[in-house]
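Student: Fold the stuff below for me.
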Amino acid sequence: MLPRSLSILTTTLCAGLPVGTPQANADPNKWRPVSYSDLQLPGEAALPYASLWSDQLQRNNRAYEARGDRRFAAANAPAAASYIVVRSPSRVAVLSVLHTLTSCTTLRTDRVANTVLKKCPMRLAVYGQGASMVANADQGCFIEYGRSDSAQPDLVRNITMGAYEMETRTIRAGTIFAGRRAEECQFRVPVPAPQ
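Tutor: All right, here's what the predicted structure looks like:
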């Protein structure tokens with residue numbers, strides 16, 4: 001289990017490399033934008049995140065089925081994850097936020113950019129040295145980009161950035177939503193030291 005101070009944080013999850021990528025972060029202290037993986041029909045790169053969230057994906061699938069919605073019999077009901085991956089020579093830390101309609105609550109909407117800021121479940125996983133640890137980490141923030149006239153979302157108006165602070169072994173993140181800092185989505189999440 002994570003320390004109590006971590007479990008009360010409201011966080012946003014930021015980008016990184018997929019878990020299967022062997023290269024190390026070039027500069028983990030450098031801020032980088034959020035990435036997302038579709039978990040409805042996860043491809044090879046998204047499988048580690050689907051595995052991390054398998055219990056919640058099954059719960060979401062059952063909720064859709066209980067409502068009589070059987071459109072997703074061959075795949076998961078709509079779901080996505082955001083994440084940051086931090087690598088060292090011996091360990092990989094993954095902080096992930098899961099977005100499903102059944103597990104998230106809306107914080108606010110940016111109608112100009114057709115974007116929604118949500119609070120959703122978050123987990124921290126640490127792999128390496130022949131062991132793994134997965135812990136629920138309370139709630140995180142997730143930006144849901146809607147359809148727009150442009151092919152790309154407006155990342156100046158709505159974006160989450162993250163970095164890893166090596167000195168304190170802390171994942172840092174911050175969200176800009178509707179052109180303003182989202183105070184409830186600024187965080188510092190400590191990664192447990194190796195045991």
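Student: which residues in the protein form helices?
Tutor: Ranges of helices in the chain, per DSSP state H, are 4-7, 47-52, 54-66.
Student: For the ones you listed, state which one has the densest average packing.
Tutor: helix 47-52 (a mean of 20; mean count of other C-beta atoms under 10 Å). Heads up, the C-betas are built off the backbone N, CA and C, glycines and all.
Student: Tell me how far that one lies from the chain's centre.
Tutor: Centroid separation between helix 47-52 and its chain, computed with C-alpha atoms, centre = their mean, to the nearest Å, is 12 Å.
Student: Report the mean confidence score over it.
Tutor: Averaging pLDDT along helix 47-52 gives 95.
Student: repeat for stretch 130-142
Tutor: 91.
Student: Quick check: buried residues in that stretch?
Tutor: 135, 137-142 (16 or more other C-beta atoms under 10 Å).
Student: now, which of the residues you listed lie within strands?
Tutor: Under the assignment DSSP state E, the buried residues of stretch 130-142 contribute 135, 137-142 to strands.
Student: does residue 84 have beta-bridge partners, and which?
Tutor: On the basis of DSSP bridges, residue 84 is bridged to residue 95.
Student: That one and residue 147, how far apart?
Tutor: Applying C-beta to C-beta, to the nearest Å, the value for residue 84 to residue 147 is 26 Å.
Student: Of those two, which one has the most company?
Tutor: residue 84 (28 against 5; other C-beta atoms under 10 Å).
Student: Does that one touch residue 95 like I think?
Tutor: Yes: counting by C-beta atoms under 8 Å, residue 95 is a contact partner of residue 84 at 5.2 Å.
Student: Now do the contacts for the residue lying farthest from the centre of the chain.
Tutor: Most distant residue from the mean C-alpha position of the chain: residue 68, 28.6 Å away (C-alpha atoms, centre = their mean). By C-beta atoms under 8 Å, 6 or more residues apart in numbering, the contact list for residue 68 is empty.
Student: Export the helices of the chain as CSV, with columns for distance to residue 38.
Tutor: Formatted as CSV, the helices of the chain follow (distance: least, C-beta to C-beta, whole Å):
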stretch, distance to residue 38
helix 4-7, 27
helix 47-52, 10
helix 54-66, 12
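Student: wait, which of these is closest to residue 131?
Tutor: helix 47-52 (15.7 Å; C-beta to C-beta).
Student: Appreciated, that's everything.
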